[in-house]
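In: quick one: sequence plus predicted model below, questions after.
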Amino acid sequence: MSRTVQLREIAHARAGDKGDTSNISLWVNDPADFETVRQQITAEALKQHFGSQVDGTVTRHEMPHLHGLNFILTSALDGGVNGSLNLDGHGKSWSFILLDMPVEID
Amino acid sequence: MTSTFRIGGGAGFSADRLDPAVDLARDGALDALVFECVGERTLAFGHRDRRADPAKGYNSLLETRLRAVWPLTAASGCRIVTNMGAANPVAAGRAAQGVARNAGLDGQIVAVVLGDDVTDRITPDTPLPHSGCTVGDIDRTLIGANAYIGADAILPALETDASLVIGGRLADPSMFLALLRHRFGWSADDWPLLGAGILTGHLMECGAQITGGYFADPGHKDVPDLAFVGYPIAEVTADGTVTITKLPQAGGMVTMATVKEQLLYEVHDPARYLTPDVTADFSAVQVIDQGADRVGLRDASGTARPETLKVTVAFDGGLLAEGEISYAGRGAVDRARLAAEITETRLRRVHGVTEDLRCDLIGVRSLHAHADYGSERADTDVRLRVAGRFRDRERAEAVLWEVESLLCAGPAGGGGFRGRITPSIVTHDAFLPRADVPTRVEVLRT
């Protein structure tokens, strides 16, 4: 029977910035979960999860042999670290916003 | 000479720790120790410092770091390569001479890499393609401009007998690549090997971020002895394969997971990572757990380098004003929200503030003002933060004044006011043809 867990239970992530673009890499702990995560954590799903924080687009790159996904979020840092009024202008804490996403596993 | 070249990562940013670098210098059996210490902000503030005092503008920890590690590395024949010169590499070189004099380090050669400062080449017509405008359109005071320069610029410094190589905006991974090109004789257009060298640099350039720093999540991802996390060591061979490790006695850990998180840190398309030296391709990289805090990587590659060099153009961004006050117990969120409304209303009506203001309730998703992501949580200990960025100091001071005045005139139970005004910068990217960024090396002796 399938159950819903937070991504944090089955994966880890790290966020970084370049200008107003954020990237978050997502890595599953158990390769057996990779296909599930690949199917459910799409670029569209992530954009919906982050809501109005992302003004631009979300693109996903895949690293299947390492069981990882890399998300690129444009116009996502309120102008970037030097122009933003955000306490976390780099968006470094965003990895844990991503890891808050629900995922349905077997 | 062994077939493996050992490089230590002594710093991953301008304010990084000192003791892990000293441990590496003393116990690492290193061929080279790299200190990566430049970011857009630190560089811009360096330009500002230099304008106020021509002897300043380099990393403020330069002398502290050199005093602690240079006697160790000079004795063992390990070279130091660093971009701690920031906005004033020449002054950094002279400061290094001073350190050598005081430490009795005679006969050392310091090679200073110059040419990254392209401030004089920036005109109002310089295009800023990512911003869709020109420098003139920004309508702010230019602070400085630096090109990311690569291994080509650093190699001539390594061809001297320098025990210390200092530059300014040396691209982070290029410092490592230059050492590898010098050691292994990789040619300037062997793109796959250059891509492999950039992979080593990319993994190492953030210091502890690959050895268990920036990784721990208690109960999910535990890291041993994180307070004394060791900084990384790369063991590289002539074919470009690399093993990442750390000193065995140091805290932290090197695992598949720590390495993978760093592999794509600040990377967009893994097949096209742009550097001054090569368009690196990490898409087929293999990560191999060798056990005992050793992880190997191979199969990095690369294609031709970009035609132009990226330039960070920094402008005066005015003053960032932040005022904060706390509320506790039941109703704390409502009282903090009321305080925010009062502050914003008064800044607009009494002080004539028209600039953007941001009000965060710290403890209630404050890092993300767009309150429509993820799951809702509310705690009963809330700190209001009101922030704005201003050209005019009087308006910046008004933000602090209004938040502080909440102590008597705002909602009940507010306390712990703090306020600060910080100079701020704005940066944009320009691109220059390589021919417009000539570099050279100045040799200083101690």
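Out: Alright, I've got the coordinates. Numbering: from 1, shown residues only, chains lettered A, B, ... in the order given.
In: bridged to residue B:289, which residues?
Out: When bridges are called by DSSP bridges, residue B:289 pairs up with residue B:295.
In: helices and strands around the strand or helix carrying residue B:407, which ones?
Out: With secondary structure defined by DSSP states H and E, residue B:407 is part of helix B:393-409. With contacts taken as 3 or more C-beta pairs under 8 Å, 6 or more residues apart in numbering or on different chains; DSSP states H and E, helix B:393-409 sits against strand B:308-328, helix B:332-349, strand B:381-390, strand B:415-433. (Each C-beta comes from the backbone N, C-alpha and C, glycine too.)
In: that helix to strand B:381-390, inter-axis angle?
Out: Regarding helix B:393-409 and strand B:381-390, their directions subtend 160 degrees when assessed with axes from the mean of the first three to the mean of the last three C-alpha atoms, to 10 degrees.
In: in chain B, which spans are helices?
Out: All helices of chain B, identified by DSSP state H, fall at B:19-27, B:40-52, B:62-76, B:89-103, B:135-138, B:151-158, B:172-184, B:191-204, B:256-263, B:332-349, B:393-409.
In: enumerate the residues of chain A near chain B.
Out: Within chain A, the positions adjacent to chain B are A:8-9, A:12-14, A:16-19, A:21, A:23, A:25, A:27, A:29, A:49-53, A:61, A:63, A:65-66, A:68, A:70, A:72, A:80-83, A:85-88, A:93, A:97, A:100-101 by C-beta under 8 Å from any C-beta of the partner chain.
In: now, which of those lie within helices?
Out: A:49-50, A:97.
In: in stretch B:48-63, what counts as buried?
Out: B:48-50, B:56-63 (16 or more other C-beta atoms under 10 Å in any protein chain shown).
In: what's the most distant pair in those?
Out: B:48 and B:63 (19.7 Å; C-beta to C-beta).
In: format the helices of chain B as CSV; extra columns: mean pLDDT and distance to residue B:285.
Out: Conversion of these to CSV gives the following (pLDDT from 0 to 100; distance: least, C-beta to C-beta, whole Å):
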stretch, mean pLDDT, distance to residue B:285
helix B:19-27, 98, 25
helix B:40-52, 91, 27
helix B:62-76, 98, 30
helix B:89-103, 97, 33
helix B:135-138, 96, 38
helix B:151-158, 98, 20
helix B:172-184, 98, 14
helix B:191-204, 98, 7
helix B:256-263, 98, 7
helix B:332-349, 95, 46
helix B:393-409, 97, 47
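In: which of the ones in helices among the residues of chain A next to chain B has the most neighbours?
Out: Using other C-beta atoms under 10 Å in any protein chain shown as the neighbour criterion, residue A:50 leads these with 25 neighbours.
In: out of the helices of chain B, deepest packed?
Out: For those, average neighbour numbers computed from mean count of other C-beta atoms under 10 Å in any protein chain shown are highest in helix B:191-204, which has a mean of 27.
In: what packs against the lowest-mean-pLDDT helix or strand in chain A?
Out: Comparing helices and strands within chain A by mean pLDDT, DSSP states H and E singles out helix A:94-98 as the least confident, with a mean of 92. Packing contacts for helix A:94-98, counted by 3+ C-beta pairs under 8 Å, 6+ apart, involve strand A:11-18, strand A:21-28, helix A:43-50.
In: would you turn those into JSON lines with mean pLDDT and distance to residue B:250?
Out: Compiled in JSON lines, the helices and strands packed on helix A:94-98 are given as follows (pLDDT from 0 to 100; distance: least, C-beta to C-beta, whole Å):
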{"stretch": "strand A:11-18", "mean pLDDT": "95", "distance to residue B:250": "21"}
{"stretch": "strand A:21-28", "mean pLDDT": "96", "distance to residue B:250": "24"}
{"stretch": "helix A:43-50", "mean pLDDT": "95", "distance to residue B:250": "36"}
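In: closest to residue B:188 out of the ones you listed?
Out: The minimum distance between residue B:188 and the helices and strands packed on helix A:94-98 falls on strand A:11-18, with 25.7 Å, by C-beta to C-beta.
In: the closest one pairs with which strands?
Out: Using DSSP bridges, the strands paired with strand A:11-18 are strand A:21-28 (antiparallel).
In: how far off helix B:256-263 does the strand it pairs with point, in degrees?
Out: Taking the same axes, to 10 degrees, strand A:21-28 and helix B:256-263 form an angle of 160 degrees between their directions.
In: which of the residues in strand A:21-28 are buried?
Out: For strand A:21-28, the buried set under the neighbour-count rule, 16+ other C-beta under 10 Å, comprises A:21-28.
In: chain A contacts on the stretch 201-350 of chain B?
Out: The stretch 201-350 of chain B comes close to chain A at residues B:214-215, B:217, B:220-221, B:257, B:260-270, B:283-287, B:317, B:320, as judged by C-beta under 8 Å from any C-beta.
In: now, of the residues you listed, which are buried?
Out: B:214-215, B:221, B:257, B:260-270, B:283, B:285, B:287, B:317, B:320.
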